[in-house]
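Chemist: One predicted model, sequence on top.
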Amino acid sequence: GAVVSQHPSRVICKSGTSVKIECRSLDFQATTMFWYRQFPKQSLMLMATSNEGSKATYEQGVEKDKFLINHASLTLSTLTVTSAHPEDSSFYICSAVPGTSASSYEQYFGPGTRLTVT
Amino acid sequence: QKEVEQNSGPLSVPEGAIASLNCTYSDRGSQSFFWYRQYSGKSPELIMFIYSNGDKEDGRFTAQLNKASQYVSLLIRDSQPSDSATYLCAVNQKVTFGIGTKLQVIP
């Protein structure tokens, strides 16, 4: 149980284009999902907290207009990187918290999406 | 001071030995602590979580928490080459991760 999927697993796009990444909890409902970014040899950095039915909460320094998050259902959150640039190239990972309460922080991670912007 | 600190390693242990991974955190109000394993190029996988002071055992893994010292550790008994990975300590206060400790188990 507690399986989280991400799509696509890898994407290469041209500078200036937008890319959408999907995160799905396959066998549980998740009111809360998190989006992380990980650069090589660095730890996961939380970008935003995605809450079903409400606006995402962004961490300091993360541009909400560039990284659009939509959490339309209890099993799906999407991250859209708008007007991507080479510096946005990174490993994007989502996680989901089982249950309808965010009091549990037992996150389950998706397999990640490697974005390369050329 | 970083919110969650780990030695980045690598920590090398021979096969069959006990690997000891350590983590300290800065916020005394932290309540939940997690250990994740991350293989190169993959996303993290939850190994254990601990909420109360003391030890929690699950198979070859033991998590130890000392809130007074703001210290959490992970012991891996009978280390196997397949345990070679980066181990991330996470504290739920604002979901903060340490940089991770790279473990190398030498056959």
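Modeler: Now that the structure is in, tell me what you want to look at.
Chemist: quick one: contacts of the helix or strand bottoming out on mean pLDDT in chain B?
Modeler: Using mean pLDDT, DSSP states H and E, strand B:96-97 stands out as the lowest-scoring helix or strand of chain B, at a mean of 76. Outside strand B:96-97, the residues that touch it by C-beta atoms under 8 Å, 6 or more residues apart in numbering or on different chains are A:43-46, B:3-4, B:25, B:36, B:88-90. Where you see a C-beta, it was placed from the backbone N, CA and C, and this is true even at glycine.
Chemist: what's the helix or strand for A:S50?
Modeler: strand A:45-51 (DSSP states H and E).
Chemist: quick one: buried residues of stretch B:69-86?
Modeler: Residues of stretch B:69-86 classed as buried: B:70, B:72-76, B:79, B:83-86 (neighbour count, 16 or more other C-beta atoms under 10 Å in any protein chain shown).
Chemist: ok, and does the one helix or strand B:E57 maps to reach over to chain A?
Modeler: B:E57 is located in strand B:54-58, with elements delineated by DSSP H and E. No: Strand B:54-58 stays clear of chain A (C-beta under 8 Å from any C-beta of the partner chain), getting no nearer than 13.5 Å.
Chemist: so where do the strands sit in chain A?
Modeler: A:4-7, A:10-13, A:19-25, A:32-38, A:45-51, A:57-58, A:67-73, A:76-81, A:90-97, A:108-109, A:113-117 (DSSP state E).
Chemist: what's the closest of the ones you listed to B:S32?
Modeler: Among the strands of chain A, strand A:90-97 comes nearest to B:S32, with 11.4 Å by C-beta to C-beta.
Chemist: Could you list every helix and strand in contact with that closest one?
Modeler: On a contact count with 3 or more C-beta pairs under 8 Å, 6 or more residues apart in numbering or on different chains; DSSP states H and E, strand A:90-97 meets strand A:4-7, strand A:19-25, strand A:32-38, strand A:76-81, strand A:108-109, strand A:113-117.
Chemist: so which of the ones you listed gets nearest chain B?
Modeler: Of all the helices and strands packed on strand A:90-97, strand A:108-109 sits nearest to chain B, with 4.3 Å by C-beta to the nearest C-beta.
Chemist: Does chain B have contacts with the closest one?
Modeler: Yes: for strand A:108-109, a contact with chain B is found by C-beta under 8 Å from any C-beta, at A:108-109.
Chemist: That strand pairs with which strands, parallel or anti?
Modeler: strand A:90-97 (antiparallel) (DSSP bridges).
Chemist: what's the spacing between the strand it pairs with and its chain's center?
Modeler: On the basis of C-alpha atoms, centre = their mean, to the nearest Å, strand A:90-97 sits 5 Å off its chain's mean C-alpha point.
Chemist: what's the answer for stretch A:60-67, then?
Modeler: On the basis of C-alpha atoms, centre = their mean, stretch A:60-67 sits 13 Å off its chain's mean C-alpha point.
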